[in-house]
Structures are given as structure tokens and as C-alpha cells.
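**Student:** Curious how this folds, go ahead:
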Amino acid sequence: MAEERLYDQEADLREKYILRNKKGFRHSLLTYVGVNLILAFLSLSQGEYWFLFSVFGWGLAVALEAPYAFRTSGPGFEAAFNAWHDGQVAAAFDPQHDIMLQAYCRDVVERSESTIPRLATVKWFREQTGLSLKHSVEIVERFARQNPQYFFP
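**Tutor:** Coordinates of the predicted model:
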């Protein structure tokens, strides 16, 4: 069951990465088309064809980006996905998070004089940082293992 959940999470992350790449390419393509239409209008209104330099020069860059945007497997894809994933995880594990959680837990324990439910801590942490539920749970769980005195057993 746990393996299935990990497999599903991995598949969801891959899908998110693929969609991110396609969205980035779509943005580049729409920008290319929009700017070149304006340049074509300006150039042709003067009876000149200088806009073709932009069409071909910039078009080459956009065309070279396309294979990377639409790939979904292969060694290049795996390397790029792993680098992106590592960056996502590294951004999620900031040393400031432990400081935030420490202050929050001290405050709650002082006010209520009892331990804290982890779910409430995850909810608070997620609201404060804007991180995904998965990363928030991972960070709070890691903090809870290091500071069990704050949480229900």
C-alpha cells in the first residue's frame, strides 16, 4: 500500500513537471507569435521585410525548445526531472522552518499547557509557508521526531 502511494506521488510529480514544461513552451510560443505579428505589421506597413530576421532568428530558438518541452522519458528527461525535483525539495527544507515551528509550538504549549495535534501544526505551517501538503507534512513530521515533547504521542 505504501509503495503504491509512493508510486502515485512520483507519477503526480512527473505529470506536474511535464505540464510545467508544456506551459512554459506555450508561453514562449504565444509571446513569439504575438511580438512577431506586431513586428510584421510595423514592417509591412513601411513596405519592408525586416521582421523576417526576428521570425527566423527567434523562431529557431523556439523550435529548439520544443523537443525539451514535449519529452516525457529518456535519460535527458530523467536528469532534468531529478534536478527539478531536488530543487523543489531543497526549497521546501529551509532552516527557518524549524525556527518557525519552534516558536509556534512554544506559544501553543504555553497558552494551552498541553501537547499539540500534528494535524493542526501541519495546517498552520502550510498557511504560513504556502508549501504543498506533502512538503508540509514531511517538515512537520521531521520536526516532531526531533521535538517529541510538543506533540501527542
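**Student:** Pull the contacting residues for Y104.
**Tutor:** By C-beta atoms under 8 Å, 6 or more residues apart in numbering, the contact list for Y104 reads 121, 124-125. Placement of C-beta: from N, CA and C, glycine included.
**Student:** Next, it: phi, psi?
**Tutor:** phi -60, psi -50 (degrees, to the nearest 10).
**Student:** where's it relative to K123, distance?
**Tutor:** 11 Å (C-beta to C-beta, to the nearest Å).
**Student:** what do you get for T115?
**Tutor:** 16 Å.
**Student:** Give the residue spans of this protein that score low on pLDDT.
**Tutor:** For the chain, the stretches with pLDDT under 70 are 1-7, 86-87, 89-93, 113, 153.
**Student:** and the residue positioned nearest the centre of the chain, what element?
**Tutor:** In the chain, the C-alpha nearest the mean C-alpha coordinate belongs to Q88, at 5.8 Å (C-alpha atoms, centre = their mean). Here Q88 sits within helix 75-92, counting by DSSP states H and E.
**Student:** Neighbour-wise, which one of the contacts of Y104 leads?
**Tutor:** Highest neighbour count within the contacts of Y104, by other C-beta atoms under 10 Å: T121, with 23 neighbours.
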